[in-house]
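S.K.: The amino acid sequence is not available; the structure is as follows:
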């Protein structure tokens, strides 16, 4: 008698069920790794684009230490950088206010800073790079000694969270473009971490730490959780390591 070999319907269904369970368990991990790789590439490319524009501008406008830093973000951009990088749209403060994009800090609290379009002084200026990243230059105070620079790696798209898709840098006349917390960063409110120390940058006792548990400043609600995340990624070789506080997105 001729024998037939194959799978029964029950065996096929069991196999498909196992594949489905494994897929459900592994897909979130695969998705997270992909998102991290995209974030690494976008942040590094955007930072490099700005650095190259600064170097080209220095060739024609002199060293950055002699640039006029006490001017609104719009004036600074058009005078020193507009001609040295490729970008698409430009947005003034009123444009950003009309869009009313809400942002979160890494710990889920509402972002109330002035860099990403919520500028209370009227000195922020935003434009989009060709890679889709949104860059904001913000002159906040003459005491700061430089410009705050925000990079949102996916433009206006969510999650709009500091340390996840939105990162903060500081442009100083002495040290150039640095991740916030690094050289040139204003020392007030504990924004400057001094000499780089990875454990300190991730230590939740500091309000600007790259930590979901960053302690609010002055014991109140003034937290800047995630402000130092750009520094962490840069010093880790433009990598988002396993201990990076990626995790949950707050709505």
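M.R.: Thanks, I have it. Not measured: the values here are computed from a predicted model.

S.K.: if I look at residue 199, how far off is residue 230?
M.R.: 17 Å (Cβ to Cβ, to the nearest Å). For the C-beta atoms, the positions are set from N, CA and C on the backbone; glycine is no exception.

S.K.: neighbour count winner among those two?
M.R.: residue 230 (27 against 6; other Cβ atoms under 10 Å).

S.K.: Let me see the backbone angles for the residue nearest to residue 70 when sequence neighbours are not counted.
M.R.: Sequence neighbours aside, residue 142 is the residue nearest to residue 70 in space, at 5.6 Å (criterion: Cβ to Cβ, 6 or more residues apart in numbering). With angles defined as degrees, to the nearest 10, residue 142 sits at phi -60, psi -20.

S.K.: So, low pLDDT: which residues of this protein?
M.R.: Scanning the chain with the threshold set as pLDDT under 70 gives 1-7, 9, 11-12, 15-16, 19-28, 117-122, 219-222, 247-251.

S.K.: same thing but 50
M.R.: The chain contains residues with pLDDT under 50 at 120.

S.K.: what ranges do the helices span in it?
M.R.: 9-61, 73-76, 93-99, 198-201, 229-235 (DSSP state H).

S.K.: Go through those helices and name the closest to residue 183.
M.R.: Nearest to residue 183 among these is helix 229-235; the distance by Cβ to Cβ comes to 10.6 Å.

S.K.: For that closest one, enumerate the helices and strands it packs against.
M.R.: When contacts are defined as 3 or more Cβ pairs under 8 Å, 6 or more residues apart in numbering; DSSP states H and E, helix 229-235 packs onto helix 9-61, strand 166-172, strand 176-179, helix 198-201.

S.K.: and the angle from the first one to strand 166-172?
M.R.: If I follow you right, that is helix 9-61. Calculated by axes from the mean of the first three to the mean of the last three Cα atoms, to 10 degrees, helix 9-61 forms an angle of 20 degrees with strand 166-172.

S.K.: Same question for stretch 210-221: list its buried residues.
M.R.: Residues of stretch 210-221 classed as buried: 210, 211, 212, 214, 215, 217 (neighbour count, 16 or more other Cβ atoms under 10 Å).

S.K.: Pick out the residue closest to the middle of this structure.
M.R.: residue 167 (2.0 Å; Cα atoms, centre = their mean).

S.K.: which residue packs closest to it, ignoring adjacent ones?
M.R.: Nearest one to residue 167, counting by Cβ to Cβ, 6+ apart, is residue 230 at 4.0 Å.

S.K.: circling back to that earlier point, need the winner for burial among the helices of the chain.
M.R.: Burial of those is given as mean neighbour count (mean count of other Cβ atoms under 10 Å); helix 229-235 ranks first at a mean of 23.
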